[in-house]
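> take a look and give me a structure for this.
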Amino acid sequence: MRILGAHMSIAGGVDKALERGAAVECDAIQMFNKSSNQWRARPLDPEEVARFRALQIEKGISPVLSHGSYLMNLASPDRALYRRSIAAFGEEIDRCETLGIPYLVIHPGSHMGAGEEEGLARVAAALNELLDARSAGRVTILLETTAGQGDNVGHRFEHLRTILDAVRHPGKMGVCVDTCHIFAAGYDLRMQAGYDTVMTELDRTVGLPRVSAFHLNDCKKDLGCRVDRHEHIGKGKIGIEAFRCLMNDPRFEGVPMLLETPKGEDCAEDRVNLALLRSLIGSRG
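Numbers count the residues shown, from 1 in each chain. The predicted structure is shown next:
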């Protein structure tokens, strides 16, 4: 079974993301649970929460994933930004609890010149603080693989392993693998042999059971570019074969796989990309 979907806008209310996802035949969706470019969050209205929960059941969309705001930086050496990021992420965790969203995806952050080791330690410390305060919570935090632009951490599988090993709540942690990001970071999964090598390395460092979600994106730039530029499936430098391998890998049955590819207001591009991905299931290269 493949659980496929896409990131959907919450314009007009969080429940609208479910309507948009259902319109393009998503099995699952990803969304922000607040404005992604503002620190302050509009309080969730109880009626909006009720609509969201009812609509999810009605549309049969499961799971729903939330993506953390891009303003947050849990690896920052700037104390003011670090504390503000922790507070904002805590609020996003709590909003996921209110909405019944089981997964919250976050980019580990940028060390801003302080060095990878210090940046990774700050991420782990922030997560420990947040999860210690929410011991009864049900939300799982997913560390997303990054492309490695600038001073960002998370572009090596070892970075994720370092954070995971330092967090005191392993049952509340997982990984989200972004195909564009790992390709841009230098992991060549374009053909079956390369795909197998990448997955072996991921299993060795992180462990495949920790992979709780995928972001399915082709890449506009070349292998190892360290630039995060998403492209439609099969239209970029990764090509179609890597996605054929992923669609037919039995180890990831039941793991949600979400598009973050470019699209217009009607999300028609999502329908095309999802149809292409589904056509790869059971096919041979």
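> I'd assumed residue 244 was in a helix, is it?
Yes: counting by DSSP: H, G, I helix; E, B strand; the rest coil, residue 244 is located in a helix.
> so what pLDDT did the nearest residue to it once chain neighbours are set aside get?
Once flanking residues are discounted, residue 244 sits nearest to residue 280: 4.6 Å by CB to CB, 6 or more residues apart in numbering. For the C-beta atoms, the positions are set from N, CA and C on the backbone; glycine is no exception. Residue 280 is assigned 98 on the pLDDT scale.
> I'd assumed residue 249 was in contact with residue 280.
No: with contact defined as CB atoms under 8 Å, residue 280 does not reach residue 249; the gap is 11.2 Å.
> between these two, who's got more neighbours?
residue 280 (20 against 15; other CB atoms under 10 Å).
> please enumerate the strands of the stretch 101-250 of the chain.
For the stretch 101-250 of the chain, the strands defined by DSSP state E, counting those that start in this stretch cover 103-106, 140-144, 173-178, 211-216, 218-219, 230-231.
> so can I have CSV of those showing distance to residue 26, mean pLDDT and mean neighbour count?
What follows is these, written out as CSV (distance: least, CB to CB, whole Å; pLDDT from 0 to 100; neighbours: other CB atoms under 10 Å):
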stretch, distance to residue 26, mean pLDDT, mean neighbour count
strand 103-106, 15, 98, 22
strand 140-144, 18, 98, 23
strand 173-178, 17, 98, 25
strand 211-216, 12, 98, 23
strand 218-219, 19, 98, 24
strand 230-231, 17, 98, 19
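> what count of nearby residues applies to residue 42?
10.
> from residue 245, how far out is residue 252?
From residue 252 across to residue 245, the span is 10 Å (CB to CB, to the nearest Å).
> equivalent analysis for residue 155, please.
21 Å.
> check residue 27 too.
20 Å.
> swap in residue 142?
22 Å.
> could you pull up phi and psi at residue 30?
Reported as degrees, to the nearest 10, the phi and psi values for residue 30 are phi -120, psi 150.
> count the neighbours of the residue lying closest to residue 131 once chain neighbours are set aside for me.
Nearest residue to residue 131 in three dimensions, chain neighbours excluded: residue 169, at 4.3 Å (CB to CB, 6+ apart). Residue 169 has 16 neighbouring residues, counting by other CB under 10 Å.
> tell me the pLDDT at residue 169?
97.
> check residue 40 too.
At residue 40, the pLDDT value in this model is 89.
> let me know the helix or strand that it is in.
Residue 40 is part of no helix or strand, with elements assigned from DSSP states H and E.
> need the longest helix for this protein.
Ranked by number of residues, the top helix in the chain under DSSP state H is helix 79-99.
> how far is that helix from where the chain is centred?
How far helix 79-99 lies from its chain's middle: 17 Å, per CA atoms, centre = their mean, to the nearest Å.
> what's the answer for stretch 273-280, then?
20 Å.
> just the buried positions in it, please.
By neighbour count on 16 or more other CB atoms under 10 Å, the buried set for stretch 273-280 is 273-274, 276-277, 280.
> now the angle from the longest helix of the chain to strand 140-144?
For helix 79-99 against strand 140-144, the angle by axes from the mean of the first three to the mean of the last three CA atoms, to 10 degrees is 130 degrees.
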